[in-house]
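Participant: no letters, just coordinates:
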């Protein structure tokens, strides 16, 4: 298998895992996709939103489909370091050596979710810094190379304490979520009543690792001047982007490219840039400031994220083409029940609401024609 075919295979495997994780998620599809993006980029994600908004569910489903060791914990004011990193090894302590038993704990996890991450004690946060930055766990005589691909931290709000803000800055990517809007409540209730999806049959962690290697080697030369111009625009718009965040944003661009099956990054991958803006308001400003640069965004593996973050016509057409084709492949042209017909009609309405008939991209035009033929008596 050649390099291009291998990249396409790994991207497809991760795409299938993410698609399976998205099933049943309402208004959290983007969170699931961004977790995969961060795993390939080797960066960490902070999700901010009210309690009960499905933050942990999205991460849990992605981890289940990707495979690998998963660790999840809800931090509190009185959480002890041992609850995250493992207890002290009493046998070695009797010998005068302070060592930690890390089996099944955060230092050995490949994907981690830490809820209420800012409630951790100083001792916990200091240890986390080394783990997140260097992928190394150090405590007493224990020094362990951590296999952590991505850590997702969650909080109800961004911290105001400057010390905690410095810790939060270690999470390159930010996402802000709200409760599911009223218009989608019926869908939320329906999906909430379904059984939880089973774990994926095979893990895709090996593919994540190969994509991470490919992202490190991704050719950014052609798009780097555009990234620099975008960062200047964000700063001119009043968004604080430090040098470290600017440099590391390239990892997200490269990860987006390889997840789209390409070893060369381009303007289609710039949709990731609003994610580095530090607040919800700043991300809105970022999308507006970069609107022309994001117009051609698209990603075959992360269709919802590319559309939501770019608000671009190309990404929307790409998603609707895929959604329509999946409906047709699954149900053919014979609609045997009301629910299936409704799904066809909803997709058609979304196509017609987003595009004029004389301005449809050709793949979407054909899908629309097939959907119309299916719903006509």
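Facilitator: Sure, I can see it. Just so it is clear, the structure is predicted and the values come from calculations on it, not from any experiment.

Participant: quick one, helices of the stretch 101-250 of the chain?
Facilitator: Assigned by DSSP state H, counting those that start in this stretch, the stretch 101-250 of the chain shows helices spanning 122-134, 162-168, 185-192, 205-216, 224-236, 243-259.

Participant: need the least confident one among the ones you listed, by mean pLDDT.
Facilitator: For those, the stretch scoring lowest in mean pLDDT is helix 185-192; its value is a mean of 76.

Participant: touching it from outside, list them.
Facilitator: If you take CB atoms under 8 Å, 6 or more residues apart in numbering as the criterion, helix 185-192 is touched by 24-27, 180. C-beta coordinates here come from the backbone N, C-alpha and C atoms, glycine included.

Participant: any idea which of the helices of the stretch 101-250 of the chain is most buried?
Facilitator: helix 243-259 (a mean of 22; mean count of other CB atoms under 10 Å).

Participant: mind listing what's buried along the next helix or strand after that helix?
Facilitator: Downstream of helix 243-259, the next assigned helix or strand under DSSP states H and E is helix 280-289. Within helix 280-289, the residues scored as buried using 16 or more other CB atoms under 10 Å are 282-283, 285-287, 289.

Participant: same for helix 280-289, what does it pack against?
Facilitator: When contacts are defined as 3 or more CB pairs under 8 Å, 6 or more residues apart in numbering; DSSP states H and E, helix 280-289 sits against strand 173-176, helix 224-236.

Participant: ok, the buried residues of helix 280-289 vs residue 314, which is closest?
Facilitator: Proximity of these to residue 314 (CB to CB) peaks at residue 287, which lies at 14.7 Å.

Participant: pretty sure the closest one contacts residue 297?
Facilitator: No - under the criterion of CB atoms under 8 Å, residue 287 is not in contact with residue 297, lying 10.6 Å apart.

Participant: between the two, which contacts overlap?
Facilitator: 309-310.

Participant: low-confidence bits of the chain, can you list those?
Facilitator: Counting by pLDDT under 70, the chain contains low-confidence residues at 1, 93, 96, 183, 200-203, 312-313, 315, 333-334, 377.

Participant: can I see the domain layout of it?
Facilitator: The domain map for the chain lists 3-192, 218-312, 314-375, with the assignment taken from automatic domain parsing.

Participant: mean neighbour count, those: which tops it?
Facilitator: Comparing the domains of the chain by mean count of other CB under 10 Å gives domain 218-312 as most buried, with a mean of 20.

Participant: as TSV, the buried residues of helix 280-289 with distance to residue 347 would be great.
Facilitator: Compiled in TSV, the buried residues of helix 280-289 are given as follows (distance: CB to CB, whole Å):
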residue	distance to residue 347
282	33
283	28
285	32
286	29
287	25
289	31
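
Participant: list just the nearest of these to residue 175.
Facilitator: If you rank the buried residues of helix 280-289 by distance to residue 175 using CB to CB, residue 283 comes first, at 8.7 Å.

Participant: distance-wise, check the closest one relative to residue 191.
Facilitator: When CB to CB, to the nearest Å is applied, the distance between residue 283 and residue 191 equals 26 Å.

Participant: then residue 241?
Facilitator: 37 Å.

Participant: which of the domains of the chain sits closest to residue 198?
Facilitator: Evaluated over the domains of the chain, closeness to residue 198 peaks at domain 3-192, with 8.2 Å, by CB to CB.

Participant: between the two ends of that closest one, what distance do you get?
Facilitator: Taking CA to CA, to the nearest Å, the span from the opening residue of domain 3-192 to its closing residue is 41 Å.
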